[in-house]
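>>> Pasting the sequence and the predicted model now:
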Amino acid sequence: MVERLGILGGTFDPPHIAHLILAEMAREQLRLDRVLWVPAADPPHKPGTVVAPIEHRLAMLRLALANNPDFEISLVDVERPGPHYSADMLEIVYERYAQPELIFLIGGDSLRDLPLWHQPWRVIQHAMLGVMQRTREEIDLRALEQQIPGIIDRILPVDAPLIELSSNLIRSLRAQSRSIRYMVPAPIEAYISSHSLYCD
């Protein structure tokens, strides 16, 4: 039986409750056997951005996923040289995990920007797109189809709540010595505090 595998990529700097809620809702609605969390080693779309060392991001991700056997970390991007493009990552995962059915979990903002990605046609060659709307902004699917032919047939909508929480907000609050309680799981909050992460 072919495994139905969700792929959730990101910087996870830090991972937070919105990541977890959306991943679980996608797992349930899309009937995924597992969700692979793929931390980005060197995000090509964030040049010049200061990112916490991968050791810290992996440690926080392990804390976040510790109690869910359906969630698993993949080091596919961490273990290879950059640049790290989603199309390459999906191809590697497809081969490494015995040719599963791949569903690439992305937000509506990423779907809108997909034509700007590196070889976006390869992304939809390897995976369906599980799309979680993260803003109220409408996406022009007709224009998207013109830029990436066939993409409409590759979209699987995920009915998820609009959670306006981001890693960027959490880092900003920490830099201002403000509370991030309940925005991240308690073990991650403790880890951030004990390692003095995101403090200016």
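Cool, got the structure.
>>> Just after the helix or strand of the chain with the lowest mean pLDDT, pick out the following helix or strand.
Least confident helix or strand of the chain, by mean pLDDT, DSSP states H and E, is helix 108-113 with a mean of 90. Sequence order places helix 120-126 as the next helix or strand after helix 108-113, per DSSP states H and E.
>>> Can you show me the helices along the chain?
Per DSSP state H, the chain carries helices over the ranges 17-29, 54-65, 86-96, 108-113, 120-126, 141-147, 167-175, 186-194.
>>> G9 is nearest to which of those helices?
Comparing the helices of the chain against G9 with CB to CB, the closest turns out to be helix 86-96 (6.3 Å). All C-beta spots, glycine's among them, are computed from the backbone N, C-alpha and C.
>>> Any idea how many residues pack against V50?
Other residues near V50 come to 8 when the count uses other CB atoms under 10 Å.
>>> Repeat that for S74.
Using other CB under 10 Å, S74 has 21 neighbouring residues.
>>> next one: L144
18.
>>> mind listing what it touches?
Residues in contact with L144 (CB atoms under 8 Å, 6 or more residues apart in numbering) are L111, R112, L114, P115, I151, I152.
>>> Repeat the analysis, applying 6 Å as the threshold.
I151 (CB atoms under 6 Å, 6 or more residues apart in numbering).
>>> Distance check, it against R171.
30 Å (CB to CB, to the nearest Å).
>>> how about the helices of the chain, which one is nearest A160?
When the helices of the chain are compared (using CB to CB), the closest one is helix 17-29, at 4.8 Å.
>>> List the contacts of the closest one.
For helix 17-29, using CB under 6 Å, 6+ apart, the contacting residues are G6, L8, V35, D70, L105, G130, M132, V158, A160, I163, L165.
>>> for it, the distance to its chain's centre please.
In terms of CA atoms, centre = their mean, to the nearest Å, the centre of helix 17-29 is set 11 Å apart from its chain centre.
>>> tilt between that helix and helix 54-65?
On the basis of axes from the mean of the first three to the mean of the last three CA atoms, to 10 degrees, helix 17-29 is oriented at 50 degrees to helix 54-65.
>>> who touches the closest residue to L8 other than its chain neighbours in this structure?
Distance criterion CB to CB, 6 or more residues apart in numbering; nearest residue to L8, sequence neighbours excluded, is L105 at 4.6 Å. Contact partners of L105, counting by CB under 6 Å, 6+ apart, are G6, L8, A26, G130.
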